[in-house]
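> Sequence isn't available, so here's the structure alone:
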């Protein structure tokens, strides 16, 4: 055999075997897991999803194939992702975030959709009723938007002398943003605080945001729940420390990255529940008959190192309520 033919034979074998294995896998039901975030930022959540799926009797690669699609914060990528999943007739779409759930619902009325969102699914138009959703959509809600005012209260508790507070929102996500602004405006009035709304939908906006914070002499910053901000936790945490602005967000990764406080629903638990629902649909249950569930666990994270850098003393009453303290 000539050397060239031998090399071609070896090259051909390295392609055929993986394709054969993949073809065997694709005989299994396929779940399209779609997130607006990145694999790095949502690794705990995707692991929790697989855990829930296994609790329902399905293991990725054994009796189901889970395809992970990460939009990396690009909402404009979602329609193309949905078109691809619909074209291939996946068994279930796991729409893991508000933006993805809205895109999936808009693109499809037949393939089952299991969502995870921190917003009101009726207000978003995802379901008609919580107990009997109807249609091809149901899922899990986590307590994040409705407890947003609590973040303002916690920040005020830690920095009681700060009368001017800013709320950072993403105008590119209007449904969630509008709800948050209304909630925060009410909470700020109740606490006697002056609230300013700041907008960011690209990383280029951050410099202007922090320049405005200095101009306002804001004593604190609440970052509204949004997948765009979650994907930039490290950057936002670093900016709050650099500009000496006490800040709070809903995601644990914010405090872990150096942000002062994080307070929000346990998204890992919500993703686990979403995984169990996907498993139930794979077994034949209809989304229309599965009531929307709520993950009710709420967690508080505090970064003591950042508190010291900002010259703040965390009250023992607050430390005692923390689920985890970073030092």
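Thanks, I have the structure now. The model shown is predicted, which means the values in this text are computed figures rather than measured ones.

> Was I right to think residue 38 contacts residue 230?
No - counting by Cβ atoms under 8 Å, residue 38 does not reach residue 230; the two are 9.3 Å apart. Every C-beta, even on glycine, is put in place using the N, C-alpha and C of the backbone.

> And the two? Which one has more around it.
A count of neighbours by other Cβ atoms under 10 Å puts residue 230 above the other of residue 38 and residue 230, at 23 against 15.

> which residues of the stretch 51-200 of the chain fall in strands?
Using DSSP state E, counting those that start in this stretch, the strands of the stretch 51-200 of the chain run over 65-70, 92-96, 113-117, 137-142, 164-169, 194-199.

> is it possible to export those strands to JSON lines including mean neighbour count and mean pLDDT?
As requested, these are exported to JSON lines (neighbours: other Cβ atoms under 10 Å; pLDDT from 0 to 100):
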{"stretch": "strand 65-70", "mean neighbour count": "19", "mean pLDDT": "96"}
{"stretch": "strand 92-96", "mean neighbour count": "29", "mean pLDDT": "96"}
{"stretch": "strand 113-117", "mean neighbour count": "28", "mean pLDDT": "95"}
{"stretch": "strand 137-142", "mean neighbour count": "27", "mean pLDDT": "93"}
{"stretch": "strand 164-169", "mean neighbour count": "22", "mean pLDDT": "96"}
{"stretch": "strand 194-199", "mean neighbour count": "16", "mean pLDDT": "96"}
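
> Out of the ones you listed, which is closest to residue 221?
Residue 221 sits nearest to strand 164-169 of all the strands of the stretch 51-200 of the chain, at 5.1 Å, using Cβ to Cβ.

> what's the angle between the closest one and strand 194-199?
30 degrees (axes from the mean of the first three to the mean of the last three Cα atoms, to 10 degrees).

> Return the distance of strand 164-169 from the chain's centre.
Computed by Cα atoms, centre = their mean, to the nearest Å, the separation of strand 164-169 from the middle of its chain amounts to 20 Å.

> on contacts alone, who are the packing partners of it?
Applying 3 or more Cβ pairs under 8 Å, 6 or more residues apart in numbering; DSSP states H and E, we find strand 164-169 packed against helix 148-158, helix 174-191, strand 194-199, helix 205-216, strand 220-223.

> Comparing those, which stretch has the densest surroundings?
Neighbour counts (mean count of other Cβ atoms under 10 Å) averaged over each of the helices and strands packed on strand 164-169 peak at strand 220-223, with a mean of 27.

> now that one, how far from the centre of its chain.
Strand 220-223 sits 18 Å away from the centroid of its parent chain (Cα atoms, centre = their mean).

> now stretch 130-144
16 Å.

> Distance to residue 325 for the strands of the stretch 51-200 of the chain - can I get that in CSV?
Converted to CSV, the strands of the stretch 51-200 of the chain look like this (distance: least, Cβ to Cβ, whole Å):
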stretch, distance to residue 325
strand 65-70, 30
strand 92-96, 28
strand 113-117, 27
strand 137-142, 23
strand 164-169, 24
strand 194-199, 28
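
> Residue 323: which of these is closest?
Per Cβ to Cβ, nearest to residue 323 of these: strand 137-142, 15.1 Å.

> For the closest one, give me every contacting residue.
Contact with strand 137-142 is made by 95, 101, 104-105, 112-121, 126-127, 264-267, 269-271, 273-274, 277, 287-288, 290-295, as judged by Cβ atoms under 8 Å, 6 or more residues apart in numbering.

> Partner strands of it, with direction?
Here strand 137-142 has these sheet partners by DSSP bridges: strand 113-117 (parallel), strand 293-295 (parallel).

> of these, which approaches residue 159 most closely?
strand 293-295 (29.4 Å).

> Give the rounded mean pLDDT of that closest one.
The average of the pLDDT scores along strand 293-295 is 87.

> and if you look at stretch 147-159?
Stretch 147-159 shows a mean pLDDT of 90.

> again, but for stretch 103-111
Mean pLDDT, computed over stretch 103-111, is 93.

> chain center to that stretch: distance?
20 Å.

> so how far is the first residue of it from its last?
One end of stretch 103-111 sits 13 Å from the other (Cα to Cα, to the nearest Å).

> pLDDT weak spots in the stretch 1-150 of the chain?
Along the stretch 1-150 of the chain, the parts satisfying pLDDT under 70 run over 1-26, 144-146.

> which stretches of it form helices?
Taking DSSP state H, counting those that start in this stretch as the criterion, the stretch 1-150 of the chain contains helices spanning 3-25, 43-55, 78-87, 98-107, 148-158.

> quick revisit: which one of the strands of the stretch 51-200 of the chain lies nearest to residue 234?
Nearest to residue 234 among the strands of the stretch 51-200 of the chain is strand 164-169 (15.6 Å), distances taken as Cβ to Cβ.
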